[in-house]
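1. this is a predicted model, with the sequence first.
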Amino acid sequence: MQPLCDSDCDGLSALMECGGAVNSPGDTMGQSPAHLAACGGQAFFLLWQLHTGVDVNQQDCFGEAPIHKAARSGSMECLSLLVASDARIDMCNRDGHTAEEVALSCGFIDCARYLATVKLTQDTFSRAQSSMHDLKETAAQLKRGKCCQSVSHGKRRRSDGFV
């Protein structure tokens, strides 16, 4: 079963008029106003939601987060906003599909490429950070080891070799 996507502005207006919280499931499918904004490609409304503290990774009854909805509608603007807000691009929906795979299946090649590039960049950055952390740890261990060798009974060695 393919998740429904209400791109009608009236649905968003109704959710806002009822005064629900930004992270509350606004409809029977568990879709928040952010889900509907992303699905409808309404980047301005989504940006407003992001500024009010919406959970960008909240899943609806289909296991889809707003990033899946933006990918399904082919909205590069909404995808960009969600990625910039630290949406998990590796999150799978109930059918096991990521937003990239959803974009591909809906024929939005540019959106799928964008998400693939972001994922590659995030993975590369994560590996680089991990390598830098390992180097810092090794340097700290070497420094501690060298420091301990130069101390004898709590006293520093003199340059002439006497303690």
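-> Here it is on my side, so go on.
2. mind giving me the packing neighbours of the helix ranked longest in the chain?
-> Once the chain is assigned using DSSP state H, the helix that runs over the most residues is helix 109-149. Packing partners of helix 109-149 (3 or more C-beta pairs under 8 Å, 6 or more residues apart in numbering; DSSP states H and E): helix 66-73, helix 76-84, helix 99-105. Every residue, glycine included, has its C-beta placed from N, CA and C.
3. and the angle from that helix to helix 76-84?
-> Helix 109-149 and helix 76-84 meet at an angle of 20 degrees, taking axes from the mean of the first three to the mean of the last three C-alpha atoms, to 10 degrees as the criterion.
4. residues making contact with stretch 122-140?
-> For stretch 122-140, contacts defined as C-beta atoms under 8 Å, 6 or more residues apart in numbering pick out Ile89.
5. surely Asp60 touches Met29?
-> Yes. Between Asp60 and Met29 there is a contact under C-beta atoms under 8 Å: 5.5 Å.
6. which of the two has more residues huddled nearby?
-> Asp60 (23 against 15; other C-beta atoms under 10 Å).
7. can you confirm Gly53 is in a strand?
-> No. Using DSSP: H, G, I helix; E, B strand; the rest coil, the assignment for Gly53 is coil, not a strand.
8. that one and Ser32: what is the separation?
-> Going from Gly53 to Ser32 by C-beta to C-beta, to the nearest Å gives 12 Å.
9. of the two, who's got more company?
-> Legend: neighbour count by other C-beta under 10 Å for Gly53 and Ser32, higher for Ser32 (25 against 9).
10. for that one, what are phi and psi?
-> Note on Ser32: backbone dihedrals following degrees, to the nearest 10 are phi -80, psi 170.
11. that one and Gln42: what is the separation?
-> Ser32 sits 13 Å away from Gln42, taking C-beta to C-beta as the criterion.
12. mind listing what Met144 touches?
-> For residue 144 the amino acid is Arg, not Met. With contacts defined as C-beta under 8 Å, 6+ apart, Arg144 has no neighbours.
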